[in-house]
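Undergrad: fold the following and give me the result.
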Amino acid sequence: MSKPVPSATMTALLAGISSLSSPGARLSCRVLAYRESIPPGLSGGYVSLTSERRALQIGLLSDILGWRSLHGVVEPDEARARDEVIEVARDLVTVVAHAFAGELLDEPALSIGLPLFVEGGVLAGPETDVQAADIVLGSTRALLVLLTPRSEGCGAAKAEAKAGATSVALGLEVPR
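TA: Here you go, the predicted structure:
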């Protein structure tokens with residue numbers, strides 16, 4: 001079995017999240033491995049990005065302890081701690097989406113959709129190409145997910161070339 005190779009879009013996504021890191025930053029990023037599946041039991045934020053030429057979903061997942069670590073949540077009340085984790089997951093995936101958009105200089109206008117928090121698992125159908133990177137953010141393990149439309153029998157690299165994607169994004173314009 002061959003190892004998954006990141007597409008140009010996944011490479012740009014990783015460059016975007018790495019651009020959030022600086023030598024003195026709390027949130028450095030490094031890649032441990034690539035995969036073509038999403039393991040069960042993770043939760044996190046997803047957000048859509050659309051333009052005239054592309055439609056995709058970006059996800060940033062971890063377990064509940066990972067999210068607490070990323071946010072520094074020390075709230076003893078479980079309900080309030082969970083609310084804080086949901087908020088930080090949605091905020092962080094939106095920041096990653098904006099950083100990713102900054103890497104796509106060839107896209108005239110990307111729209112970022114409403115960030116969602118997903119608990120449990122996401123099932124992608126046969127029309128969706130799943131790419132993921134096991135990463136470490138700071139000292140916390142996470143999974144960076146990229147969901148893209150799959151063109152008829154083609155992998156991620158060919159799906160990126162497909163034009164005319166549509167979506168129901170919120171219409172938030174990404175500043176350049």
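Undergrad: and the longest helix for the protein?
TA: If you go by DSSP state H, the chain has its longest helix at helix 78-103.
Undergrad: which residues of the protein fall in strands?
TA: 29-35, 42-50, 55-62, 111-112, 116-120, 128-137, 140-149, 172-173 (DSSP state E).
Undergrad: kindly reformat the ones you listed as TSV containing mean pLDDT.
TA: TSV is the format used below for the strands of the chain (pLDDT from 0 to 100):
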stretch	mean pLDDT
strand 29-35	91
strand 42-50	93
strand 55-62	93
strand 111-112	90
strand 116-120	89
strand 128-137	92
strand 140-149	92
strand 172-173	40
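Undergrad: and those as CSV, adding mean neighbour count?
TA: Bear in mind the C-beta positions are built from the backbone N, C-alpha and C, glycine included. Shown next, in CSV, are the strands of the chain (neighbours: other Cβ atoms under 10 Å):
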stretch, mean neighbour count
strand 29-35, 15
strand 42-50, 23
strand 55-62, 24
strand 111-112, 20
strand 116-120, 14
strand 128-137, 20
strand 140-149, 21
strand 172-173, 12
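Undergrad: next, the angle from the longest helix of the chain to strand 140-149.
TA: Between the axes of helix 78-103 and strand 140-149, defined by axes from the mean of the first three to the mean of the last three Cα atoms, to 10 degrees, the angle is 60 degrees.
Undergrad: now the angle from helix 78-103 to strand 29-35?
TA: 90 degrees.
Undergrad: for helix 78-103, packing partners?
TA: Here helix 78-103 touches helix 8-19, strand 42-50, strand 55-62, helix 64-71, strand 111-112, strand 116-120, going by 3 or more Cβ pairs under 8 Å, 6 or more residues apart in numbering; DSSP states H and E.
Undergrad: can you say which of these is nearest to Ile86?
TA: strand 116-120 (4.5 Å; Cβ to Cβ).
Undergrad: quick one: strands adjacent to that closest one?
TA: Strand 116-120 pairs in its sheet with strand 42-50 (antiparallel), by DSSP bridges.
Undergrad: how far off centre is the strand it pairs with?
TA: 6 Å (Cα atoms, centre = their mean, to the nearest Å).
Undergrad: put the alpha carbons of it into PDB.
TA: Provided in PDB are the C-alpha atoms of strand 42-50 (Å, rounded to 0.1, in the frame of the first residue of the first chain):
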ATOM      1  CA  LEU A  42     -12.600  13.200  17.200                       C
ATOM      2  CA  SER A  43     -14.400  16.500  17.400                       C
ATOM      3  CA  GLY A  44     -13.700  19.900  16.000                       C
ATOM      4  CA  GLY A  45     -14.500  22.700  13.700                       C
ATOM      5  CA  TYR A  46     -15.300  22.600  10.000                       C
ATOM      6  CA  VAL A  47     -15.800  25.600   7.600                       C
ATOM      7  CA  SER A  48     -16.500  25.700   3.900                       C
ATOM      8  CA  LEU A  49     -14.600  27.800   1.400                       C
ATOM      9  CA  THR A  50     -16.000  28.500  -2.000                       C
END
